[in-house]
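Q: Here is my input, please return the structure:
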Amino acid sequence: QVQLVESGGGLVQAGGSLRLSCAASGRTFSSYAMGWFRQAPGKEREFVAAINRSGGSTYYADSVKGRFTISRDNAKDTVYLQMNSLKPEDTAVYYCASRRVFSSDYALSQAYDYWGQGTQVTVSS
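A: Reported below is the predicted structural model:
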């Protein structure tokens, strides 16, 4: 069992930045690939970014590429999502998720085993 707790969400103006954190506990963090997803009101959950177990490979949704950066610190059992140049359309609840096996289906929410409770990000225009 893995427990994930997100933090760092909040209200920010368009063009601003936020850094989300996701702290993991319960199992060896470095054994898990990690992903960030988001869900806006009335919309389905969508993939944002993913990172493999070592942190050497990262993947992004086209909508955030060049603005968001996913990283991890295995010594701190934490994954981060640095979000720059935020837009109102980035407003959503952001979730981190973990999985043991990392493969080409990293953008599919069904492929992840454990999820956090989410943190709200609101970008005002």
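Q: thought C96 was touching G35?
A: Yes: with contact defined as CB atoms under 8 Å, C96 and G35 form a contacting pair (7.0 Å). Yep, even glycine has a C-beta here, placed from its N, CA and C like the rest.
Q: For the closest residue to Q1 other than its chain neighbours, grab the count of nearby residues.
A: Counting by CB to CB, 6 or more residues apart in numbering, Q1 lies nearest to G26, which is 5.1 Å off, once chain neighbours are set aside. Counted with other CB atoms under 10 Å, residues neighbouring G26 total 12.
Q: Correct me if wrong: G26 contacts V5.
A: No: judged on CB under 8 Å, G26 makes no contact with V5 at a distance of 10.9 Å.
Q: all strands of this structure, in order?
A: 3-7, 10-13, 18-25, 33-39, 46-51, 58-60, 68-73, 78-83, 92-99, 114-115, 119-124 (DSSP state E).
Q: so what strands line up beside the shortest one?
A: Its sheet considered, strand 114-115 pairs with strand 92-99 (antiparallel) by DSSP bridges.
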